[in-house]
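Enquirer: with the sequence up front, the predicted model follows.
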Amino acid sequence: SQRPVMSGPPSLRQLAFGIVAFVTDEPGGAIVLAARQLRSSSSYVLCISPPATRGAVLAAGARWSNLTVAEEATAKWASRYRHSSSNAAAYERFCLRRWLML
């Protein structure tokens, strides 16, 4: 029996969703690519990043939200976080706070 031929992942245009979100200190090419692929759809790209990156995010065609404000909103939770992973505590805390921000 033959194995089915696997193609690459579908493009963003082929998926049904409303928002593609990024939480990052340094917006990059993935945001530009996502915004370009979604330009003619009803979906949009949201980038939660520092205030200094606002212009670059908007120029890429994405919507911007303030990472500093989002971090403040999760500060109380972060202060009670108990680290129990083998990963670095700062990395784990960022990953979990990212989900709270979204």
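Expert: Nice, I can see it. Residues are numbered from 1 along each chain as shown.
Enquirer: phi, psi for Gly18 please.
Expert: Per-residue torsions, Gly18: phi -110, psi -30 (degrees, to the nearest 10).
Enquirer: ok, it touching Ser42?
Expert: Yes - with contacts defined as CB atoms under 8 Å, Gly18 counts as touching Ser42 at a distance of 7.5 Å. (Glycine included, C-beta is placed from N, CA and C.)
Enquirer: the two: which has the busier surroundings?
Expert: Legend: neighbour count by other CB atoms under 10 Å for Gly18 and Ser42, higher for Gly18 (9 against 6).
Enquirer: contacting residues for the more buried one?
Expert: Counting by CB atoms under 8 Å, 6 or more residues apart in numbering, Gly18 touches Ser42, Ser43, Tyr44.
Enquirer: one more time with 6 Å
Expert: Ser43 (CB atoms under 6 Å, 6 or more residues apart in numbering).
Enquirer: for it, give its distance to Arg54.
Expert: 22 Å (CB to CB, to the nearest Å).
Enquirer: packing partners for the helix or strand hosting Ile31?
Expert: Element membership for Ile31, per DSSP states H and E: helix 29-38. Of the remaining helices and strands, those touching helix 29-38 by 3 or more CB pairs under 6 Å, 6 or more residues apart in numbering; DSSP states H and E are strand 44-49.
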